[in-house]
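*Asks:* kindly return the folded structure for what I paste below:
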Amino acid sequence: GEGGYDRVKLNCVQNDVQQKRKREDKMYSNVERTRWLRVAVGTVMMLCLGTLYAWSIFRAPFGALYPSWTTADLSMNFTISMVCYSAGGFLGGKLSKKTSNTVTALAAAVLIFAGFLGVSWLSADPETAKVQLYLFYGVLSGLGTGFGYNTIVSGVGGWFPDKNGLATGVLLTGFGLGTMLIGQLADALIPVVGLPTLFRAFAVVIAVVLALGSPMVRLPGAGTVLPPPPATAQVEGQRDYTSGEMIRRPAFWLFFLWNMLMCASGLLVINSAAEIAAYYGAAAVLGLLLSVFNGLSRIPFGVLVDKFGRRKVMLLANGFLLLSGGLLVLGGLGRSAALVLAGMLIMGVCYGNSVTIGTLVIRQFYGSAHYATNLAIVNCCAIPASFIGPLIASALQTASGGDYTTTFLCVLAFAAVDLLVGFWVKKP
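*Replies:* Numbering: from 1, shown residues only. Just a heads-up that it's a prediction; the model follows:
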């Protein structure tokens, strides 16, 4: 009868719902497995890219190889590499939109291979070698690192709308720890194999890792079903902004200034981390512990942004920066290696969390549609920071006869200004 027909129809509907739920569960399970594999591969790739920041280990051997190079000459190489790293992020974002993230990652492999291979063939003439170093390490390797960094963060991060802070923090931890691990490796191998052989090995290994990992950094397809973002991220974002729309917003420039001051404060110390440690009587390699704290801070700060939102976490970051500046000044005035090292380690936390916060805020404020290029633009804060940080540090150190106390006072001043700027940063 009619009642029997209705029961059959109801059973069919229930079966359809159950089958649909099973298919969705299977789809989520597959996505969950593959997206964490992407994080693992991306983290290894980012670890290799961290080589660029190990310059504070390389600069002393290069200075010994070419005694006529001044402190300013050596600092300029780091500045050039940071400028090109920022430019590479923007250009890589454009290339990804026209081609794919995989192609951009392969381009990064080629650029870094050419750059580090070129560094292994520097001329014996100091002036010629200096130009070659700027071109190969600064320009080519800097561009390649920018290409790779933005491609990996935007590609892998796109699979994690629900845990973007955690996933991005893991990736950026790889980038930060890469500086420490590769710096230690270089410090041990340079006396054994020499700079040319080391850079040839780096060229091959980094290019191979980036090439093999390139298929894993593609963005999710249009039909991919992903978990929704957390409430804190949903509240922040209003719509997708193009890069042109973003840079016309005062909110963007306030955040750009906040990030630039945080970055410049870090570079005042990072650029000479090994030398600072040695100056106050500690082992030079202890200066690179800054990179460990830089790397390890990125996961917890990413999770904190997911949980509490960016405003509270930005204020926390400013508090750490003020603490770092205070400890550095006290350590410099009292010639205390313990206080200086403590300030440097906290500075590593500051530099690491500013990178994480910037990466997440751009997606939350301005959306995902133009994320790669928008992220590259905010990362251009490293360009003025690269001039302000290392060049001011070199000038202050020279003027003070090699002492770092005035550099530490500069860090404290930047921290105070950055705290004020942070209060004004709001969503567009």
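*Asks:* buried residues in the helix or strand in which Leu268 is found?
*Replies:* In this assignment (DSSP states H and E), Leu268 forms part of helix 250-270. By 16 or more other CB atoms under 10 Å, the buried positions in helix 250-270 come out as 252, 254-270. (Glycine included, C-beta is placed from N, CA and C.)
*Asks:* tell me which element Pro40 falls in.
*Replies:* Wrong residue type there; residue 40 is Ala, not Pro. Using DSSP H and E, Ala40 falls in helix 2-49.
*Asks:* same question for Val411.
*Replies:* helix 405-424.
*Asks:* for stretch 270-282, what is the average pLDDT?
*Replies:* Average pLDDT, stretch 270-282: 81.
*Asks:* for the stretch 301-428 of the chain, which segments are assigned as helices?
*Replies:* 310-334, 337-366, 371-379, 382-399, 405-424 (DSSP state H, counting those that start in this stretch).
*Asks:* can you add mean pLDDT, distance to Pro227 and mean neighbour count and give these back as TSV?
*Replies:* Shown next, in TSV, are these (pLDDT from 0 to 100; distance: least, CB to CB, whole Å; neighbours: other CB atoms under 10 Å):
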stretch	mean pLDDT	distance to Pro227	mean neighbour count
helix 310-334	93	20	20
helix 337-366	88	15	24
helix 371-379	88	18	24
helix 382-399	79	32	20
helix 405-424	92	30	19
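*Asks:* of all those, which one comes closest to Ala54?
*Replies:* helix 337-366 (13.9 Å; CB to CB).
*Asks:* quick revisit: any idea of the angle the helix holding Leu268 forms with helix 337-366?
*Replies:* 160 degrees (axes from the mean of the first three to the mean of the last three CA atoms, to 10 degrees).
*Asks:* by contact count, what packs against helix 250-270?
*Replies:* With contacts taken as 3 or more CB pairs under 8 Å, 6 or more residues apart in numbering; DSSP states H and E, helix 250-270 sits against helix 289-296, helix 310-334, helix 337-366, helix 371-379, helix 382-399, helix 405-424.
*Asks:* output the contacting helices and strands for the helix or strand that that helix is followed by.
*Replies:* Heading C-terminal from helix 250-270, the first helix or strand you meet, by DSSP H and E, is helix 273-279. On a contact count with 3+ CB pairs under 8 Å, 6+ apart, helix 273-279 meets helix 55-65, helix 337-366.
*Asks:* reformat those helices as a markdown table; add distance to Phe160.
*Replies:* Listed next are the helices and strands packed on helix 273-279 as a markdown table, based on distance: least, CB to CB, whole Å:
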| stretch | distance to Phe160 |
| --- | --- |
| helix 55-65 | 31 |
| helix 337-366 | 10 |
